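Student: return a 3D structure for these sequence lines:
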Amino acid sequence: MVNDIDFKHSTFLTNMRNTVLLFLLILGLSGCEFFALSFAPGKEPLANNSELANQASKVFWETLHQGDYSNISKPMTLLKAAYLQNPYDAKIAARIGFLHAWSLTERQRLKNIPPQITDNAILARKYFEEAVRLNPEDARYLGFHSSMMMSEGSIHKDAYLTRKGYFQGLDSIEAWPQFNLFTIGYTMSSKEHSDPKFREAVDMQWENIDKCIDDTIDRNNPDFSNYFEMESSEKRESYKRACWNSWIAPYNLQGFFLNFGDMLVKEGKPEIARKIYQTAMDHPDFETWPYKEYLIRRIENADRNVEKFRANKNPSADVNDNTIMIKTTFGCMGCHQN
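Tutor: Residues are numbered from 1 along each chain as shown. The predicted model follows:
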């Protein structure tokens, strides 16, 4: 009897010891993982000034400003080669991210749209995330990263990713409102017209104008023409360069006001939208803008476009006249094509 009790006691102690040892082993491994991850060296930014990187950037800007969607693969290949050569350059990473975003946004250019086109959202987010890590001070990268998180979350019905992108987007707006009020609001312009986030996106465009002119524009009778004279001096101020046309976005104003007009039409305010569209026409650069005909037709058809822009269906063959800017074939080129 005693031996039996001793045996059971010994077995209990052995099992307890093994359990404790296993727990300590797991704890030790977890501790190792924690310390290994905590003290992993971060990526230090390092500009890539190699011949390859310079050629990649040159081809990137040429392709972008020519609106050469069909040849995106050319700058993409060069930029990714430059990134692999030196994965520490924020500009290279951001340009790769932008090409993936462009590929996704203007997919209506394709005769047959493959389902894997949506993978561009994942890749754009990844490369913008790299750009943020390498240069967290550049609020443009933070805004683009937020935008692509929301896009990816929407595609994959991932509420967590969508919300994370939205709240980070608010941080990006605080960091650079003149740039990111448009960036974040533009992404949310594809939501249903009854969605509170769409209404918020419209408010962001009004606020964007206010921030650019240091004034409050009349919401019922907007007239921006008196502020055009600010362009020559204001665009030299780094934080306001997002407000005007520039070599990066030669038709930034035209694209902004076409998109804002589209959003107002979708909101159900075609008369106010016409005034916003007219602002794009009043600017001196309007006559050379590649997409001016679409805006002219939008002024003519603003009332009938309310239901078209709200439909949120797969766009038809005449996509550029029947849906809001973010779903057209010039969702990026409306501002960037020279």
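
Student: tell me the gap between the strand or helix carrying residue 276 and the middle of its chain.
Tutor: In this structure, residue 276 sits in helix 270-282 according to DSSP states H and E. Centroid separation between helix 270-282 and its chain, computed with CA atoms, centre = their mean, to the nearest Å, is 25 Å.

Student: quick check: angle from the following helix or strand past it to helix 270-282?
Tutor: Sequence order places helix 292-300 as the next helix or strand after helix 270-282, per DSSP H and E. Helix 292-300 runs at 150 degrees relative to helix 270-282, counting by axes from the mean of the first three to the mean of the last three CA atoms, to 10 degrees.

Student: pull the residues that contact helix 292-300.
Tutor: 254, 258, 261-262, 265, 273-274, 277-278, 280-281, 286, 305, 320-321, 328, 330 (CB atoms under 8 Å, 6 or more residues apart in numbering). In short, each C-beta sits where N, CA and C put it, glycine included.

Student: buried stuff in the helix holding residue 276?
Tutor: The neighbour-count check on helix 270-282 (16 or more other CB atoms under 10 Å) flags 270, 272-280 as buried.

Student: let's have these in JSON lines, adding pLDDT and distance to residue 88.
Tutor: JSON lines is the format used below for those (pLDDT from 0 to 100; distance: CB to CB, whole Å):
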{"residue": "270", "pLDDT": "98", "distance to residue 88": "49"}
{"residue": "272", "pLDDT": "98", "distance to residue 88": "47"}
{"residue": "273", "pLDDT": "98", "distance to residue 88": "45"}
{"residue": "274", "pLDDT": "98", "distance to residue 88": "49"}
{"residue": "275", "pLDDT": "97", "distance to residue 88": "47"}
{"residue": "276", "pLDDT": "97", "distance to residue 88": "42"}
{"residue": "277", "pLDDT": "97", "distance to residue 88": "44"}
{"residue": "278", "pLDDT": "96", "distance to residue 88": "47"}
{"residue": "279", "pLDDT": "95", "distance to residue 88": "42"}
{"residue": "280", "pLDDT": "96", "distance to residue 88": "40"}
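
Student: ok, now which ones touch residue 226?
Tutor: If you count contacts by CB under 8 Å, 6+ apart, residue 226 has none.

Student: how far away is it from residue 269?
Tutor: 22 Å (CB to CB, to the nearest Å).

Student: quick check: residue 147 touching residue 182?
Tutor: No: counting by CB atoms under 8 Å, residue 147 sits too far from residue 182 to count as a contact (10.3 Å).

Student: and the buried residues of helix 270-282 as a markdown table, adding distance to residue 80?
Tutor: Output for the buried residues of helix 270-282, formatted as a markdown table (distance: CB to CB, whole Å):
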| residue | distance to residue 80 |
| --- | --- |
| 270 | 44 |
| 272 | 44 |
| 273 | 40 |
| 274 | 44 |
| 275 | 44 |
| 276 | 39 |
| 277 | 39 |
| 278 | 43 |
| 279 | 39 |
| 280 | 36 |
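
Student: which of these lies closest to residue 49?
Tutor: Ranked by distance to residue 49 (CB to CB), these are led by residue 280 at 38.3 Å.

Student: count the neighbours of the nearest residue to that closest one once chain neighbours are set aside for me.
Tutor: Sequence neighbours aside, residue 257 is the residue nearest to residue 280 in space, at 3.9 Å (criterion: CB to CB, 6 or more residues apart in numbering). Neighbourhood size, residue 257 [other CB atoms under 10 Å]: 26.

Student: same question for residue 62.
Tutor: 14.

Student: how about residue 207?
Tutor: Neighbour count of residue 207, defined by other CB under 10 Å: 18.

Student: over to residue 18?
Tutor: 10.

Student: same question for residue 69.
Tutor: Residue 69, neighbours per other CB under 10 Å, totals 20.

Student: which residues does it contact?
Tutor: With contact set as CB under 8 Å, 6+ apart, residue 69 has these partners: 102-103, 106, 109, 329, 333.

Student: domains for this structure, by residue range?
Tutor: Domain ranges of the chain: 47-175, 177-338, per automatic domain parsing.

Student: just tell me which of the ones you listed ends up closest to residue 16.
Tutor: domain 47-175 (40.7 Å).

Student: could you say what helices and strands the helix holding residue 276 packs with?
Tutor: helix 252-267, helix 292-300, helix 302-311 (3 or more CB pairs under 8 Å, 6 or more residues apart in numbering; DSSP states H and E).

Student: looking at these, which is buried most?
Tutor: The highest mean neighbour count among the helices and strands packed on helix 270-282, using mean count of other CB atoms under 10 Å, belongs to helix 252-267: a mean of 26.

Student: okay, now the unreliable bits of this protein?
Tutor: 1-13, 20-21, 23-31, 34-35, 37-38, 233-239, 312-317 (pLDDT under 70).

Student: circling back to that earlier point, the domains of the chain into CSV, with extra columns for distance to residue 39?
Tutor: CSV is the format used below for the domains of the chain (distance: least, CB to CB, whole Å):
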stretch, distance to residue 39
domain 47-175, 17
domain 177-338, 33
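
Student: and the residue nearest to residue 280, how far is that from residue 299?
Tutor: Going from residue 257 to residue 299 by CB to CB gives 11 Å.

Student: what's the overlap in contacts for the two?
Tutor: Looking at what touches both residue 257 and residue 299 (by CB under 8 Å, 6+ apart), the common residues are residue 277.
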